[in-house]
Each structure stands twice: as structure tokens, then as C-alpha cells.
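S.K.: compute the structure for the input listed below.
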Amino acid sequence: PLYSSAASDVYKRQKGAQSVKRNLKIVLACGNGTAGAFAPDLLRSLGCEVIELHCNLDFKFPNYNPNPEDLTMLNDLAKNVKDNNADVGFAFDGDGDRLGVVDNEGNEIFSDKIGLMLAEYLSEKYSSSKFVIDVKSTGLFFNNEILKKNNCTVDMWKTGHSHMKRRVNEINALCGFEKSGHFFIGKPLGLGFDDGLRSASMMIEYLDHYKNKSMSELYSKLNTSYQSPTMAPFCKDEEKYDVVDEITNKIIQDQKNKTKVADCEIVETNTVNGIRFSLSNGSWGLIRASSNKPSLVIVIESLISKEEVEMIESTIDEVAIDLIRRLVDIGIDINKKEFYGDLAMITELVRGLIYRDFKREHLATVLIDKIIDIQYNERGEVQPVINYSRVLEQKDMPGQEGEKEIHFEPDFDLPIPPEDDDK
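M.R.: Numbering: from 1, shown residues only. The predicted structure follows:
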């Protein structure tokens, strides 16, 4: 009875006064998480045909990690959407507060773009509303013609559940959208917290409103942008905020000096959460410290091309090189084990890939290539691992018995250590 009463309360809150007239077929992926106890019944009560995918609760999560950003879950959902000729696919995380969306053609739509689509739709009903987005979200929110027409404003704020929830409440925003899939639905639509089921019912209302349009057609109406994946290079917890401060100072100085990035000047910097620098053409890059793990977070979006994403990434590479030069200038001894760890962290901190463009710059790459193991964590992110045992196995590494000490010089003019025992 207690479970039944709680479920009834959830359905009432999530459904509101909705009456869905469109016959929608939805594949529902819950990854054996909590949403499986409520989401199928909720969507059916709205009049949808529901195809369940791992909706039985199982704390062992036997199929995959219930994460609507994880490719394993999304690929499984996409396949089932296409196999069943469904209108849309919804994915929930383990505790049901995040929503991921796959369109009728099996393509993932990043959650910040879903947020923009909902904001456009809601602005027609609730003009002069405020929307909050996190610093990782698409720049298409700004200068959006529909939001402008309806006199709506967009506030960019810190990434993170508590930050976003508080900000939505502080400025009395209608909704807050986080790129991770947390949607904070304010009054009168919701209670202000992130709720995947309420987000799903809003998407159903959205699709019901545009009866003659498929999900892929609706998505195609958005302006095109080119986004990098969210990169999370390793950086120690005790160092990541200092590293971000260094990068921030460098980018702000570049803005003052009118230094060009991808042939454009930096016209704006936002330091509410790390640094997000915007270019004159609307493209941007973000570097911030992760709030819950030892890494940085790097995101790039170009409104022009994929090639511009790479050009912006190259600029971030140059910031890394500048930091390395500072390390060298203060006289770090490369014979110390700590040097390898610190240098690897510095060179990796601004990239998702390892040392693509560093080889002609200095000996650091030659040395580090011999002691870095590249591993991938469960999210598919590159994770550098320092293997000190391999350092001792390398005959051409400095610091071994019988070899002379080698130190970096500030100009990087240092020969590669020989293969034999000679200097």
C-alpha cells in the first residue's frame, strides 16, 4: 500500500493536466535502475505505447551502467528504437533524475540541445521566462531568435546538482538545463529539482504539440554546431584548481592582447566555473575542474566547423606547453620520480589525447612516452597512468646507476639520451 500510494503521488505530479493525443511509441531504457519502478506505468498512463528495455530493478546492473551519457546504453537504446520503428527513445540513470534522448533514426541528441528545444517550446507559453544552463551547454541558447522573440533570458551557471538547483530557485527560473541530463523544472511546471520522469513527460508534451513532425525533423530545426566530447584528463584533486587558475590567467591575458584563437579574437570570458572563453563568431572553449573526481573537464563547441574545433583544441595545447615551460624555468629536476607524474599531468590536463603535437617541442615527450600507460576508464575517457616500474626498466632513462644526471634547460635544447651507457 505504501508503494502504491507513493507511485500514485509520482504519477499525479508528473502528468499534471496533460492529455496526449498523439499515438507515440517509445522505447524506455532504465538500465535496471530505480526509474524502472515508475517510468513504464507513467508513460502508459499518458497514452503512449511503451517498449521496456531493462526496466526490472536489479541492483547488480547486469546489462550495463545506467548512464544516459554512456555509449553502451545509448547504442542499445538506438538499436531498439530502429528495430521497433519507435518515435523516440528515453534513457534514465540509476536514480532516475537524468534523461537521455535518442531520436526516431537512432541518433543521440545531447541533453543541452534537448534543453534548448524545450526552452523554445516553453517560451511560447511562458514569455519573459528565465532559463539557467550550465557552463558545458551549447552556445546556441544565446542569440536564439525564438527566445529573443519571447523576451526570455538565459543565465549561465556552475555545473553541478546543488549549484543548478539553487540558481534556478534564486532567480525564479522556469527551468534549468544541465548538459549531463539533469533538468531542473521550476514552478508552475515542477518543484524545482531534477526529475527524469518529469523531463520525459515534458518531452512527450513537446512531441504531442508538434504532431506532424518526427523527433529528427524537430531537431534539424536547430542551428548546426560542432561539439567535442566532454574530455576529462586526469589532474590531482589537490592541484586541479590551481591549474585552472593558471590557465584562466593565461586566457584572460590573451584576450587583453587580442591574441587570436582559430583566426578569431576572444570577445568574452566567463569565470563562474573555470573559464569559458567565447570567440567573435560564437564558438567557445571551456576548461574547469571536475567537482567530483581528480580530473579537469574540457568542452569545445564551434558554430562553424569540425576543423575549428581542432583549431581551438590546438590553442589549448599551447597553453599546456606554456605551463610546461614555467615548470622548467623554476628548475625542476627530471631525475625525481615526482617530476614524471607532474609533467604528465600538466601535458595531459588540457587534452583527451596524449602528446600529439609535443614531439618536436622538447625532450619531455620522449621521456614520458616511455613511462605512460594509456588506459580507458568505464566512461571511455583517456586516463594516463604513471608506471614507475617501467622507468627503471628503460636503459636510456636518466637517473639509473652508471648514468650521469640530466636536467632540463629552459630553452629545451637537450639531446635525447643515448641507447648505450655513454653520455
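
S.K.: ignoring the adjacent residues along the chain, who's closest to Asn85?
M.R.: Once flanking residues are discounted, Asn85 sits nearest to Lys25: 7.2 Å by Cβ to Cβ, 6 or more residues apart in numbering. C-betas here are computed from N, CA, C, even on glycine.

S.K.: pull the contacting residues for that neighbour.
M.R.: Cys48, Glu49, Ile51, Asn84, Asn85, Ala86, Asp87 (Cβ atoms under 8 Å, 6 or more residues apart in numbering).

S.K.: quick check: Asp70 vs Glu52, distance?
M.R.: For Asp70, the distance to Glu52 equals 19 Å [Cβ to Cβ, to the nearest Å].

S.K.: again, but for Phe59
M.R.: For Phe59 relative to Glu52 (Cβ to Cβ), the value is 18 Å.

S.K.: now do Met156
M.R.: Counting by Cβ to Cβ, the gap from Met156 to Glu52 is 37 Å.

S.K.: who has more neighbours out of these two?
M.R.: Met156 (19 against 16; other Cβ atoms under 10 Å).

S.K.: what's the distance between stretch 132-151 and the middle of its chain?
M.R.: 18 Å (Cα atoms, centre = their mean, to the nearest Å).

S.K.: I misspoke; the intended subject was stretch 238-249.
M.R.: Per Cα atoms, centre = their mean, the centroid offset for stretch 238-249 relative to its chain is 19 Å.

S.K.: okay, that stretch in CSV with CA atoms only?
M.R.: The C-alpha trace of stretch 238-249 is given here as CSV (Å, rounded to 0.1, in the frame of the first residue of the first chain):
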residue,chain,number,x,y,z
GLU,A,238,44.9,19.0,-4.7
GLU,A,239,46.2,20.6,-7.9
LYS,A,240,43.3,20.9,-10.3
TYR,A,241,42.0,24.3,-9.0
ASP,A,242,45.5,25.8,-9.1
VAL,A,243,46.0,24.5,-12.7
VAL,A,244,42.6,26.0,-13.8
ASP,A,245,43.7,29.4,-12.2
GLU,A,246,46.9,29.3,-14.2
ILE,A,247,45.0,28.6,-17.4
THR,A,248,42.4,31.3,-16.7
ASN,A,249,45.1,33.9,-16.2
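
S.K.: give the buried residues for it.
M.R.: Within stretch 238-249, the residues that count as buried by 16 or more other Cβ atoms under 10 Å are Lys240, Val243, Val244, Glu246, Ile247, Thr248.

S.K.: now do stretch 213-228
M.R.: Met215, Leu218, Tyr219, Ser225, Tyr226, Gln227, Ser228.

S.K.: got it, and stretch 270-282?
M.R.: Buried residues in stretch 270-282 (16+ other Cβ under 10 Å): Val272, Asn273, Gly274, Ile275, Arg276, Phe277, Ser278, Leu279, Gly282.

S.K.: how about Val50, what does it touch?
M.R.: Counting by Cβ under 8 Å, 6+ apart, Val50 has contacts Ile26, Leu28, Pro40, Leu43, Arg44.

S.K.: which helices and strands does the strand or helix carrying the fourth one pack with?
M.R.: Secondary-structure element containing Leu43, defined by DSSP states H and E: helix 39-45. For helix 39-45, the contact count by 3 or more Cβ pairs under 8 Å, 6 or more residues apart in numbering; DSSP states H and E identifies helix 2-15, strand 25-29, strand 49-53, helix 196-209 as packing neighbours.

S.K.: show me the contact partners of the host helix or strand of Val297.
M.R.: Following DSSP H and E, one finds Val297 within strand 296-302. Applying Cβ under 8 Å, 6+ apart, the external contacts of strand 296-302 come out as 136, 138-139, 159, 179, 225-228, 230-233, 235, 240, 243-244, 262, 274, 283-290, 308-309, 312-313, 316, 349-352.

S.K.: narrow these to those in helices?
M.R.: Counted as lying in helices by DSSP state H, out of the contacts of strand 296-302, are Lys240, Val243, Val244, Glu308, Val309, Ile312, Glu313, Ile316.

S.K.: low pLDDT regions in this structure?
M.R.: 1-19, 320-423 (pLDDT under 70).

S.K.: quick one: contacts for the closest residue in space to Ala262 that isn't next to it in sequence?
M.R.: Leaving aside its chain neighbours, Ala262 sits nearest to Met311 (3.8 Å; criterion: Cβ to Cβ, 6+ apart). Neighbouring residues of Met311 by Cβ under 8 Å, 6+ apart: Val261, Ala262, Asp263.

S.K.: what are the phi and psi values for Asp134?
M.R.: When quoted as degrees, to the nearest 10, the phi and psi of Asp134 stand at phi -90, psi 170.

S.K.: gap between it and Lys79?
M.R.: Distance from Asp134 to Lys79, by Cβ to Cβ: 30 Å.

S.K.: of the two, who's got more company?
M.R.: Asp134 (24 against 15).

S.K.: my read is that the more buried one contacts Phe183, right?
M.R.: No: the pair Asp134 / Phe183 is not scored as a contact, 11.2 Å apart, by Cβ atoms under 8 Å.

S.K.: dump stretch 224-233 to CSV, restricted to CA.
M.R.: Extracted in CSV, the C-alpha atoms of stretch 224-233 (Å, rounded to 0.1, in the frame of the first residue of the first chain):
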residue,chain,number,x,y,z
THR,A,224,24.1,23.3,-36.5
SER,A,225,27.0,23.3,-34.1
TYR,A,226,30.0,21.0,-33.7
GLN,A,227,30.8,19.8,-30.2
SER,A,228,33.7,17.9,-28.9
PRO,A,229,33.1,15.1,-26.5
THR,A,230,33.4,16.0,-22.8
MET,A,231,37.1,15.4,-22.2
ALA,A,232,38.3,14.6,-18.6
PRO,A,233,42.1,14.5,-18.4
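
S.K.: what residue is smack in the middle of this structure?
M.R.: Thr230 (3.8 Å; Cα atoms, centre = their mean).

S.K.: what's the closest non-adjacent residue to it?
M.R.: Val299 (5.5 Å).
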